[in-house]
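Asker: Quick one: sequence and predicted model below, then my questions.
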Amino acid sequence: MKTRITELFGIEHPIIQGGMHYVGFAEMAAAVSNAGGLGIITGLTQKTAADLANEIARCKDMTDKPFGVNLTFLPTVNSPDYPGYIRAIIEGGVKIVETAGNNPAPFLPYFKDAGIKVIHKCTSVRHSVKAQNVGCDAISVDGFECGGHPGEDDIPNFILLPRAAEELTIPFVASGGMADGRSLVAALALGAEGINMGTRFIATKEAPVHEKVKQALVAASELDTRLVMRPLRNTERVLTNAAVERLLEKERRLGPDIKFEDIIEEVAGVYPRIMMDGDMEAGAWSCGMVAGLIHDIPTCKELVDRIMAQANAIIRERLAGMV
Ligand SMILES: Cc1cc2nc3c(=O)[nH]c(=O)nc-3n(C[C@H](O)[C@H](O)[C@H](O)COP(=O)(O)O)c2cc1C
């Protein structure tokens, strides 16, 4: 399949694996890129810029296909070493960066000078347009269904994607709720030129996470995610567990007075415990509603090939047969 996204990034299939904290290691990115999609290393999971440089080198040892690095701009007081991470990306020869969180404008000149393509992930049409105006090459439009941070507008992809298509001239991919060939065809129909998947890629053989995490996704239904931290305007869609229900109870009890310190036990330092140790009650971890569509744990290649075969069949047989 050829779209503006496959052309922009030099990939075979219009399928991207979004940055994921404590999932997006070199093994994950390389497996997706080797399957013909675009794998992405999660920059901030690497504690230092030197660690990121090492992770990029490891990924290059595992694939000669294009892969990217995610840089999430956090609204934290103690900012991570972004200049160092950017240097590691440029010196590592990475040609694609997925930005997320805040406006990437301050960092774009460095990427442009190095010939790096930037895809910015955001959850609203206004932020998409802003990213286009400041010079991003593509957008990942992240709907309300998504795992992770859906923003505060709560607009699902059936509305968000065609609205983005009305406003954007640069290519965009549909992110949030994407799982299979049906998702891809729907995304294309709504104006996107590919899909970005997070949660679905965690339930693959190569995802470098504890087996219990993958089994939790297979077991979960579309009813099993919760929105946490809404009162802090830092909403995150997570898989429910005892810690998440405790967190929500605190939110109900403390109301608008709640502070980050009140829920620190349920959210801080959770990712290594979940993803590496398989301690499934450790706290809140991002997961999309798409869990309801995850029924198995294929290899990345099996998953990507299956998506493409199903999409082709839907377009050529089911849809063509209707017109
Ligand atoms: C476990 C997990 C961790 C994530 N961590 C990040 C992150 O660090 N930075 C980021 O930009 N997006 C992150 N995301 C969001 C994904 O890149 C992607 O946008 C999202 O998962 C798409 O929705 P889906 O899960 O329905 O496919 C994360 C998602 C998950 C499920």
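Answerer: Yes, it's here.
Asker: Run through the residues of this protein sitting next to the ligand.
Answerer: If contact is defined as C-beta under 6 Å from any ligand atom, the residues of the chain in contact with the ligand are 18-21, 23, 42, 70, 72, 100, 121, 142, 145-148, 175-178, 196-200, 285-288, 290. C-betas here are computed from N, CA, C, even on glycine.
Asker: In strands only, show me those residues.
Answerer: When DSSP state E is applied, the residues of the chain next to the ligand are split such that 42, 70, 72, 100, 121, 142, 175, 196, 197 fall in strands.
Asker: What about residue 83, how many residues nearby?
Answerer: Summarising burial for residue 83: neighbours were counted as other C-beta atoms under 10 Å, giving 12.
Asker: Now it: which helix or strand?
Answerer: Under the criterion of DSSP states H and E, residue 83 resides in helix 82-91.
Asker: Just give me the neighbour total for the closest residue to the ligand within the chain.
Answerer: For the chain, the residue positioned closest to the ligand under C-beta to the nearest ligand atom is residue 198, at a distance of 1.9 Å. Neighbour count of residue 198, defined by other C-beta under 10 Å: 25.
Asker: isn't it right up against residue 288?
Answerer: Yes - using C-beta atoms under 8 Å, residue 198 and residue 288 qualify as a contacting pair, with a distance of 6.3 Å.
Asker: Touching both of the two, which residues are there?
Answerer: Each of 146, 147, 148 lies in contact with both residue 198 and residue 288 under the rule C-beta atoms under 8 Å, 6 or more residues apart in numbering.
Asker: Pipe those residues into CSV and attach neighbour count and pLDDT per row.
Answerer: Compiled in CSV, these are given as follows (neighbours: other C-beta atoms under 10 Å; pLDDT from 0 to 100):
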residue, neighbour count, pLDDT
146, 31, 98
147, 29, 98
148, 25, 98
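Asker: List just the nearest of those residues to residue 265.
Answerer: residue 148 (20.5 Å; C-beta to C-beta).
Asker: where's stretch 236-256 relative to the chain centroid, distance-wise?
Answerer: Taking the mean C-alpha point of stretch 236-256 and that of its whole chain, the gap between them comes to 23 Å (C-alpha atoms, centre = their mean, to the nearest Å).
Asker: Then stretch 150-166?
Answerer: 16 Å.
Asker: Pull the contacting residues for the closest residue to residue 285 other than its chain neighbours.
Answerer: Ranked by C-beta to C-beta, 6 or more residues apart in numbering and with sequence neighbours excluded, the top spatial neighbour of residue 285 is residue 274, at 4.7 Å. Each residue near residue 274 by C-beta under 8 Å, 6+ apart is listed here: 22, 210, 213, 280, 282, 283, 285.
Asker: Which stretches in the stretch 1-150 of the chain count as helices?
Answerer: Using DSSP state H, counting those that start in this stretch, the helices assigned to the stretch 1-150 of the chain run over residues 4-9, 26-34, 49-62, 82-91, 108-113, 125-134.
Asker: Now do the third one: which elements does it pack against?
Answerer: To tie it back to what came earlier, the one meant is helix 49-62. For helix 49-62, the elements it packs on are helix 26-34, strand 39-42, strand 67-73, helix 82-91, judged by 3 or more C-beta pairs under 8 Å, 6 or more residues apart in numbering; DSSP states H and E.
Asker: Alpha carbons only: can I get the last one in CSV?
Answerer: Same thing as helix 82-91. As requested, C-alpha coordinates have been extracted for helix 82-91 and formatted as CSV (Å, rounded to 0.1, in the frame of the first residue of the first chain):
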residue,chain,number,x,y,z
TYR,A,82,16.2,17.4,26.0
PRO,A,83,19.2,18.9,24.3
GLY,A,84,21.2,15.8,25.1
TYR,A,85,18.5,13.5,23.8
ILE,A,86,18.3,15.5,20.6
ARG,A,87,22.0,15.3,20.2
ALA,A,88,21.8,11.5,20.6
ILE,A,89,19.1,11.3,18.0
ILE,A,90,21.0,13.4,15.5
GLU,A,91,24.4,11.8,16.0
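Asker: which helices and strands sit right next to that helix?
Answerer: Counting contacts by 3+ C-beta pairs under 8 Å, 6+ apart, the secondary-structure elements packed against helix 82-91 are helix 49-62, strand 67-73, helix 108-113.
Asker: any idea which of the ones you listed is most buried?
Answerer: The highest mean neighbour count among the helices and strands packed on helix 82-91, using mean count of other C-beta atoms under 10 Å, belongs to strand 67-73: a mean of 24.
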